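J.: Sequence unavailable; structure follows:
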């Protein structure tokens, strides 16, 4: 993907609107004040989804849902499942295997890094946009209770992959990220009190990010 070495995918969360659930209704109200489930996806360069998790209510931040996922635990372990880098926005945690942008770039290399990072990461936004345009229910809402809404969402993303492999044309305007309103999170709600281990992992991620900046940009 672009100029990044060993990028295996881009991660993002997307909100799928649902009707007000019968139980724990307040948990499903997201920051834009509508009921939703927060679906985490990772896509590859071909705009296919290589990982997806749909189980969290709309009030849960992207970073928290990722931190609680089996994939996160696998990458944090001693034997990561894949050798490569995932790109995420500034709401995610920095790791040796998860690259986030520089918040306040001060050098040309850092600016170039951020530009390449953003240009590459839009792949996941475009992938979500195409899927939502292809399946009207993902864009306009599911009149289902959360468990079924989660299952339908994942099936739609799987069918999107099938359509991509069959080279079916995308819906009109679906390749433009701005045509779909995405509901990202403002940050990681789990980092207000970082543990020593968390700080160590973040520092290691910064070291890898600095090396990539110096060697590639």
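T.: On my side now, so go ahead. All values derive from a computational prediction rather than experimental measurement. Residues are numbered from 1 along each chain as shown.
J.: Quick check: mean pLDDT of the helix or strand that residue 206 is a member of?
T.: Element membership for residue 206, per DSSP states H and E: helix 196-216. Per-region confidence: helix 196-216 scores 88 on mean pLDDT.
J.: Repeat that for stretch 70-81.
T.: pLDDT averaged over stretch 70-81 gives 86.
J.: Just checking: what are the partner strands of the lengthiest strand in the chain?
T.: Looking across the chain with DSSP state E, the single longest strand is strand 7-17. Its sheet considered, strand 7-17 pairs with strand 36-43 (antiparallel), strand 85-87 (parallel) by DSSP bridges.
J.: quick one on the thing from earlier: from the chain's centre, how far out does the helix holding residue 206 sit?
T.: 20 Å (C-alpha atoms, centre = their mean, to the nearest Å).
J.: Can you list the buried residues in that helix?
T.: By neighbour count on 16 or more other C-beta atoms under 10 Å, the buried set for helix 196-216 is 201, 202, 205, 208, 209, 212, 213. Every residue, glycine included, has its C-beta placed from N, CA and C.
J.: Export the strands paired with strand 7-17 to a markdown table and append columns for mean pLDDT.
T.: Shown next, in a markdown table, are the strands paired with strand 7-17 (pLDDT from 0 to 100):
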| stretch | mean pLDDT |
| --- | --- |
| strand 36-43 | 96 |
| strand 85-87 | 95 |
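J.: what's the closest of those to residue 161?
T.: strand 36-43 (9.4 Å; C-beta to C-beta).
J.: From the chain's centre, how far out is that closest one? Work that out for me.
T.: Distance, stretch centre to chain centre, for strand 36-43: 7 Å (C-alpha atoms, centre = their mean).
J.: next SSE after that strand?
T.: strand 49-57.
J.: name the helices or strands packed onto the following helix or strand past that following strand?
T.: Next along the chain after strand 49-57, taking DSSP H and E as the criterion, comes helix 62-67. Where contact means 3 or more C-beta pairs under 8 Å, 6 or more residues apart in numbering; DSSP states H and E, helix 62-67 is packed against strand 7-17, strand 36-43, strand 49-57.
J.: what inclination does the longest helix seen in the chain have with respect to strand 36-43?
T.: Longest helix in the chain, counting residues (DSSP state H): helix 108-134. If you take axes from the mean of the first three to the mean of the last three C-alpha atoms, to 10 degrees, helix 108-134 sits at 120 degrees to strand 36-43.
J.: in the chain, which ranges drop under the pLDDT threshold?
T.: The model of the chain has pLDDT under 70 over residues 1-3, 172-196.
J.: Now do residue 79: how many residues are near it, please.
T.: 6 (other C-beta atoms under 10 Å).
J.: let me fix that: residue 171
T.: Number of residues near residue 171 (other C-beta under 10 Å) recorded here: 16.
J.: For the closest residue to residue 30 other than its chain neighbours, grab the count of nearby residues.
T.: Among residues not flanking residue 30 along the chain, residue 58 sits closest, at 3.4 Å (C-beta to C-beta, 6 or more residues apart in numbering). Other residues lying near residue 58 total 24 when counted by other C-beta under 10 Å.
J.: How about the contacts made by residue 58?
T.: By C-beta atoms under 8 Å, 6 or more residues apart in numbering, the contact list for residue 58 reads 15, 27, 28, 29, 30, 34, 35, 36, 37, 38.
J.: could you dump those residues to JSON lines with neighbour count?
T.: Output for the contacts of residue 58, formatted as JSON lines (neighbours: other C-beta atoms under 10 Å):
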{"residue": "15", "neighbour count": "23"}
{"residue": "27", "neighbour count": "14"}
{"residue": "28", "neighbour count": "25"}
{"residue": "29", "neighbour count": "15"}
{"residue": "30", "neighbour count": "19"}
{"residue": "34", "neighbour count": "15"}
{"residue": "35", "neighbour count": "23"}
{"residue": "36", "neighbour count": "24"}
{"residue": "37", "neighbour count": "25"}
{"residue": "38", "neighbour count": "24"}
